[in-house]
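*Asks:* The sequence and its predicted three-dimensional model are supplied below.
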Amino acid sequence: MNNGIINKIILVGVLLAIASGCEHNPLGKLIDPTTSNTTNASSGTWVIFGDELRTNGAIQFLTTAEGQSLDFTCTDRPYAGMKCMKYSWDGSAVTPYDTGVKETDWVGFMLIAAPTIAQHDTFTKDLTAAGYTKISFYVRGDLSKNVYLRLESNNGTYQTPSGNNAWINNTTDRKITSDWQHFEFTLSGSVTTVKDLVRIVLRYDEDGDPDIANTGTSNGGTVFLDNIEYLR
């Protein structure tokens, strides 16, 4: 047997030996850097969405699908990679699942920790070991007047347009434009039993006070989101 063939056999043997010592899912830490997936400390960054949804969890709408659309494979000028997330609302009436009352004030959805919607109320993730303190994201788009975008964490509430999870719209100094911009906000409360990794809401509010009823309706808007990350 010539030396070339012998060398190839040795190389294959070395590679197999290395592979046998590796974990079965070497990409697992990148997809889910939590204590449930690995006993090692995380890198300090968990990409929730970047080119694809990377949570191993489901998507749960907060309102009926009327007038809204969601696309996780949009190829229209992503911030990075090949795809971004596109979320649109035409301003038409929807029905929030928590009230069952038709309204035209807001729409939204969540990236949840549970692998299925049916498990949402019982399935949680403990992110304490990772030491995450904030959520970072990139956004561009076009919102109608008095329509706000809000991203919030597990313990946030979209009932008030203030606090750590600040609203972003076209009438403040945090305007959404056709160009990509970077924003981040502080995680709210404990991260030991996280059900909702991030909530994304479009809300129409004429006076900035959600407790005062609107007198008109909006035309909604469209936002593109990319590189949504948990960070230390």
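*Replies:* In hand now; what should we look at? Because the structure is predicted, anything quoted here is derived from the model rather than measured. Numbering: from 1, shown residues only.

*Asks:* Which positions in the helix or strand harbouring I135 come out as buried?
*Replies:* Using DSSP states H and E, the element containing I135 is strand 134-143. Residues 135-141, 143 are the ones in strand 134-143 that count as buried (16 or more other Cβ atoms under 10 Å). C-beta here means a position set from N, CA and C on the backbone, and glycine is covered the same way.

*Asks:* Out of these, the closest to G81 would be?
*Replies:* Y138 (11.4 Å; Cβ to Cβ).

*Asks:* ok, so what distance separates that closest one from C74?
*Replies:* Computed as Cβ to Cβ, to the nearest Å, the Y138 to C74 distance reads 13 Å.

*Asks:* which other residues reach the strand holding I135?
*Replies:* 48, 77, 79, 149, 151, 153, 168-170, 176-187, 198, 202, 220-231 (Cβ atoms under 8 Å, 6 or more residues apart in numbering).

*Asks:* For this structure, give me the ranges with low pLDDT.
*Replies:* Along the chain, the model assigns pLDDT under 70 to residues 1-43, 157-166, 170-173.

*Asks:* rerun that using 80 as the cut-off
*Replies:* 1-43, 156-167, 169-174, 208-211 (pLDDT under 80).

*Asks:* are any of the contacts of strand 134-143 buried, and which?
*Replies:* 48, 79, 149, 151, 153, 168-170, 176, 180, 185, 187, 198, 202, 220-230.

*Asks:* out of the residues you listed, which are inside helices?
*Replies:* Using DSSP state H to define helices, no part of these is located there.

*Asks:* SS state for the residue lying closest to G216 once chain neighbours are set aside?
*Replies:* Among residues not flanking G216 along the chain, E206 sits closest, at 6.8 Å (Cβ to Cβ, 6 or more residues apart in numbering). Per DSSP: H, G, I helix; E, B strand; the rest coil, the local secondary structure of E206 is coil.

*Asks:* got a list of what E206 touches?
*Replies:* By Cβ under 8 Å, 6+ apart, the neighbours of E206 are 146, 212, 214-216.

*Asks:* Over to I168?
*Replies:* 139, 148-150, 174-176, 183.

*Asks:* Tell me where the chain has strands.
*Replies:* 45-49, 59-61, 68-74, 84-89, 106-112, 134-143, 147-152, 168-169, 181-186, 196-204, 221-231 (DSSP state E).

*Asks:* Within the sheet, what are the partner strands of the shortest one, with directions?
*Replies:* Each strand that strand 168-169 pairs with, and the sense of that pairing, follows from DSSP bridges: strand 147-152 (antiparallel).

*Asks:* Check the spacing between the closest residue to V223 other than its chain neighbours and L225 real quick.
*Replies:* Excluding its sequence neighbours, the residue lying closest to V223 (Cβ to Cβ, 6+ apart) is G141, at 3.7 Å. Distance of G141 to L225, given as Cβ to Cβ: 9 Å.

*Asks:* ok, now E103?
*Replies:* From E103 to L225 the distance is 24 Å (Cβ to Cβ).

*Asks:* do the same with K134
*Replies:* 16 Å.

*Asks:* how near is A118 to R54?
*Replies:* From A118 to R54 the distance is 21 Å (Cβ to Cβ).

*Asks:* Comparing those two, which residue is more hemmed in?
*Replies:* R54 (18 against 10; other Cβ atoms under 10 Å).

*Asks:* Go ahead and confirm the more buried one touches G81.
*Replies:* No - at 11.6 Å, R54 does not count as touching G81 under the criterion of Cβ atoms under 8 Å.
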